[in-house]
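quick one, structure for this:
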Amino acid sequence: MSKNTLVLLSLLVSGSAISAGPAPVVDVNGGNLEQRLSTLERMVGTRTQMQQQMQQQLDSVQNEVNELRGSVELHTHKLEQILERQRELYQEIDKRIESVMQKKPALTPMLPVPDGSPASTTPAAPDPVAGESEAYDQAVNLILKEKRYDDAIPMFEAFLQKYPDSSYAANAYYWLGQLLFNKQNWSEAKNKFSYLVATYTDSTKRADSILKLGMIAQKQNNLSEAEQLFNQVVSEYAGTTAAKLAESRLKNIK
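Numbering: from 1, shown residues only. Below you'll find the model as predicted:
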């Protein structure tokens, strides 16, 4: 082979090598990477779906809790009303029994008389309490029996004007306060309860009156005054039904 032939062959080999260029880089793991991305996407999608389901379940549970809480509060309020009503009825029964005992005529002793004269007795003196007892009973019956609440208000007011020193006066003030409270006449109800609290310090209605004053303050959004009054009930009448109701009210304020 001649020298020229060798040179030509060398040029051809080097030219073909140059024209071919570098070999392409092939990612042998390309298929695995795509599978991994697809798997991660599925995992993320599943996790998002699970979070949405959990959130829906939490919302449902929260709604049920709110409904139960509202139901408990409603039943608690109704129970408070029932207990308060029973307490008032028991106190009225005690008052009526006491009134009946006061009206019961006492036996008048026989006076000695000469022989042959007819036996005589000294007539019993009229009972001064009977009039005020009957007037009080009439006013109470308008509430308990006839349910004529509006008519009971002037009846109690007339009773207090006629018998200001009656043993039923404290109860009459309480009934007036309660009737006005039910009519949402807060200012007049507050006046009646406040007068009872200040004047009849030994009355069985005093604790309930302080409690009602706290409830009026709460309805008027005077929370600091309401808290003070409820604490007064708890402090002065610990262990009573009124104190327990006051404690329940305090929890709602705080």
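
contacting residues for Q56?
Contact analysis of Q56 by CB atoms under 8 Å, 6 or more residues apart in numbering lists nothing. For every residue, glycine as well, the C-beta is placed using N, CA and C.

buried residues in the helix or strand containing A242?
Following DSSP states H and E, one finds A242 within helix 241-253. By neighbour count on 16 or more other CB atoms under 10 Å, the buried set for helix 241-253 is T241, A242, A243, K244, L245, A246, R249, L250.

kindly export that helix (C-alpha atoms) in CSV.
Extracted in CSV, the C-alpha atoms of helix 241-253 (Å, rounded to 0.1, in the frame of the first residue of the first chain):
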residue,chain,number,x,y,z
THR,A,241,-81.3,25.8,96.2
ALA,A,242,-80.9,29.5,95.6
ALA,A,243,-77.1,29.3,96.1
LYS,A,244,-76.8,26.3,93.7
LEU,A,245,-78.7,28.3,91.1
ALA,A,246,-76.4,31.3,91.7
GLU,A,247,-73.4,29.1,91.3
SER,A,248,-74.7,27.9,87.9
ARG,A,249,-75.3,31.5,86.8
LEU,A,250,-71.7,32.4,87.9
LYS,A,251,-70.3,29.7,85.6
ASN,A,252,-72.1,31.2,82.7
ILE,A,253,-70.8,34.7,83.5
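
sorry, back to before: ok, of the buried residues of helix 241-253, which one's closest to G131?
For those, the closest approach to G131 (CB to CB) belongs to A242, at 31.9 Å.

low-confidence ranges, the stretch 151-254 of the chain, go.
Under the criterion pLDDT under 70, the flagged ranges of the stretch 151-254 of the chain are 254.

quick one: the helices in it, in order.
Secondary structure of the stretch 151-254 of the chain by DSSP state H, counting those that start in this stretch: the helices cover 169-182, 186-199, 206-219, 223-236, 241-253.

now the angle from the fourth one to helix 206-219?
What that stands for is helix 223-236. Counting by axes from the mean of the first three to the mean of the last three CA atoms, to 10 degrees, helix 223-236 lies at 160 degrees to helix 206-219.

give me the contact list for helix 223-236.
207, 210-211, 213-215, 217-218, 242-243, 245-247, 249-250, 253-254.

which among the buried residues of helix 241-253 gets closest to F156?
Nearest to F156 among the buried residues of helix 241-253, with distances taken as CB to CB, is A242, at 21.5 Å.

nearest residue to that closest one other than its sequence neighbours?
A207 (4.0 Å; CB to CB, 6 or more residues apart in numbering).

quick check, that neighbour in contact with A243.
Yes: if you go by CB atoms under 8 Å, A207 and A243 touch, sitting 7.3 Å apart.

what sits in contact with each of these two?
Jointly contacting A207 and A243 under the rule CB under 8 Å, 6+ apart are V233, Y237.

give me the distance between the two termini of stretch 173-193.
In terms of CA to CA, to the nearest Å, the two terminal residues of stretch 173-193 are separated by 7 Å.
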